[in-house]
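Colleague: Sharing a model prediction with you, sequence too.
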Amino acid sequence: MPNALPEIVFHIYPTDCDMLGHLNHATMLNFLERARWALLEPEVDVQNWSQQPVFSVVRHVQIDYFAQSLPGEDLRIRSGLVEVGNTSYVVRQDVRKVGGDLKVAEAMIVFVAIGRDGKAVKVPEGWRDMLPRWPED
């Protein structure tokens with residue numbers, strides 16, 4: 001289990017859950033995105049984000065679920081850069097319950113760098129160091 005990755009913790013409230021009482025899939029996507037932003041905020045100018053010449057857009061999301069999450073529980077999310085291609089990069093995220101370390105989910109998200117015209121562009125060099133690297137398994 002990787003220990004060097006920064007951790008972001010989220011508390012699950014009843015409003016985060018579906019009618020069956022477990023964490024809603026859309027809320028999990030939100031938690032994953034918020035965890036990525038928490039890592040980026042110290043590295044980028046969030047106030048002027050819309051002025052950037054290059055943006056990231058999600059191309060593909062793969063999430064595997066291993067256990068349910070319930071109201072009152074806390075989840076720890078770790079995020080790391082897995083791979084950088086010419087115009088895309090892949091981020092891996094690991095979700096575990098705080099306290100017992102039970103793995104709840106794992107996600108792989110493929111992003112594409114796009115210019116202001118909406119076309120794919122080369123991933124900027126500085127982006128390669130913004131997120132921590134996912135340790136080799």
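Modeller: Received it, and whenever you're ready, just let me know what you need.

Colleague: rest of the way, CA atoms for contacts and neighbours
Modeller: Will do.

Colleague: pLDDT score for the residue nearest to K122 when sequence neighbours are not counted?
Modeller: Once flanking residues are discounted, K122 sits nearest to T87: 4.5 Å by C-alpha to C-alpha, 6 or more residues apart in numbering. The model reports T87 with a pLDDT of 97.

Colleague: Tell me how far stretch 64-72 lies from the chain's centre.
Modeller: From the chain centre to the centre of stretch 64-72 is a distance of 17 Å (C-alpha atoms, centre = their mean, to the nearest Å).

Colleague: Okay, now that stretch: how far is its last residue from its first?
Modeller: 22 Å (C-alpha to C-alpha, to the nearest Å).

Colleague: pretty sure D94 contacts S79?
Modeller: Yes: contact criterion C-alpha atoms under 8 Å: D94 and S79 qualify, at 6.6 Å.

Colleague: Comparing those two, which shows the higher neighbour count?
Modeller: S79 (25 against 22; other C-alpha atoms under 10 Å).

Colleague: show me what contacts the nearest residue to K103 once chain neighbours are set aside?
Modeller: For K103, ignoring the flanking residues on the chain, the nearest one in space by C-alpha to C-alpha, 6+ apart is R96 at 4.3 Å. By C-alpha atoms under 8 Å, 6 or more residues apart in numbering, R96 lies in contact with L75, R76, I77, L102, K103, V104, A105.

Colleague: Give the pairing partners of the helix or strand where R96 lies; include direction for each.
Modeller: According to DSSP states H and E, R96 maps onto strand 88-97. Take DSSP bridges as the rule and strand 88-97 pairs in its sheet with strand 74-84 (antiparallel), strand 103-115 (antiparallel).
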